[in-house]
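*Asks:* here's my sequence, what's the structure:
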Amino acid sequence: MIQITNLHYSYGSRPVFKGLHLDLVPGHIYGLLGKNGTGKSTLLRCIAGLLFPRKGALQVAGFTPGKREPQFLQQVFMVPEEFYFPNISIPRFVECNAAFYPRFDHHQFKNYLKEFAIPETQLLQEMSYGQKKKTLISFGLACNTPILLMDEPTNGLDIMSKSQFRKVMAGAVSPEKCILISTHQVKDLENLIDRITIIDEGNILFDQTVDRIINRLQFKISFDSDEIRNAIYRETSLKGNAIITSNPEDGDGNIDLEMLYKAIVTNQEKMQSIFK
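*Replies:* Now for the predicted structure:
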């Protein structure tokens, strides 16, 4: 659904991507992880047709995003990190914007607002940032576009809202939809995404499914000095030493995205060798 080949992009003389390759298919929630300023937002904007690559091929749902064809714009919705709402009511906002998305479902939208406890009669400019963010997420989901891009969607959400977000997103997955979520707050996406792509300095450091990660790695607390010393990654916690080790039995287990990210950034060669 999204094919990126040899993508190059730069801001003036500062390169962001130099030969980026990535393929995304429907039926998944992808987590695009990385620190601030590493190119996550730039990649989403290129996919949405808001930025134009200097070199390389970018195909999204069979379209070239930079051409901004109406048929393409109906296929993609992006929830940006920063956005502006006019001082109008939610029904007026829907009236002005829903017509651009043929699959928009008004009933779904109302249900999402109810899930997020958003009063439908309130003016958008009178809302808090978190309420605005939840309204935009609700609208984006109700558009039912095959491709949904979300840039730092949990920024500005409180603890309960983040839990509601994960619940709503889990129910939005379908075999026809490709969802790409960019974030540096990795804990917010645990138990939600099913494929992890880590980007750093414009390069893909890691790209694996959650199932394969769990089969190859163990995340646990250990008090065994030999096990701690030989761990792929370790850090001290109040409960003991949190470690990542290889999983020779290819068994099931849990995943700690924050530890995984740190392990990949600090021990990239070792982590990549495990997944060869």
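*Asks:* what strand or helix carries residue 182?
*Replies:* Per DSSP states H and E: residue 182 is located in strand 178-183.
*Asks:* run a quick neighbour tally on residue 265.
*Replies:* When counting by other CB atoms under 10 Å, one arrives at 17 neighbours for residue 265. All C-beta spots, glycine's among them, are computed from the backbone N, C-alpha and C.
*Asks:* dihedrals phi and psi, the closest residue to it other than its chain neighbours?
*Replies:* Of all residues not flanking residue 265 in the chain, residue 200 sits nearest, at 6.6 Å (CB to CB, 6 or more residues apart in numbering). Geometry field for residue 200 lists phi and psi as phi -150, psi 130, criterion degrees, to the nearest 10.
*Asks:* list the buried residues for the helix or strand hosting residue 139?
*Replies:* If you go by DSSP H and E, residue 139 is part of helix 129-142. Under the neighbour-count criterion of 16 or more other CB atoms under 10 Å, helix 129-142 has 130-142 buried.
*Asks:* angle of that helix against strand 178-183?
*Replies:* On the basis of axes from the mean of the first three to the mean of the last three CA atoms, to 10 degrees, helix 129-142 is oriented at 160 degrees to strand 178-183.
*Asks:* just the CA trace of helix 129-142, in CSV.
*Replies:* Taking Å, rounded to 0.1, in the frame of the first residue of the first chain, the C-alpha atoms of helix 129-142 are listed here in CSV:
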residue,chain,number,x,y,z
TYR,A,129,-5.5,21.1,23.6
GLY,A,130,-6.2,17.6,24.7
GLN,A,131,-9.9,17.9,23.8
LYS,A,132,-9.0,19.3,20.4
LYS,A,133,-6.6,16.5,19.8
LYS,A,134,-9.2,13.9,20.6
THR,A,135,-11.7,15.6,18.4
LEU,A,136,-9.3,15.5,15.5
ILE,A,137,-8.5,11.8,16.1
SER,A,138,-12.2,11.0,16.2
PHE,A,139,-12.7,12.8,12.9
GLY,A,140,-9.8,11.1,11.3
LEU,A,141,-11.0,7.7,12.3
ALA,A,142,-14.5,8.4,11.1
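*Asks:* was I right to think residue 214 contacts residue 256?
*Replies:* No - if you go by CB atoms under 8 Å, residue 214 and residue 256 don't touch, sitting 10.8 Å apart.
*Asks:* in the chain, which residue is closest to the centre?
*Replies:* residue 181 (1.3 Å; CA atoms, centre = their mean).
*Asks:* bridged to that residue, which residues?
*Replies:* Residue 181 has the following beta-bridge partners by DSSP bridges: residue 31, residue 150.
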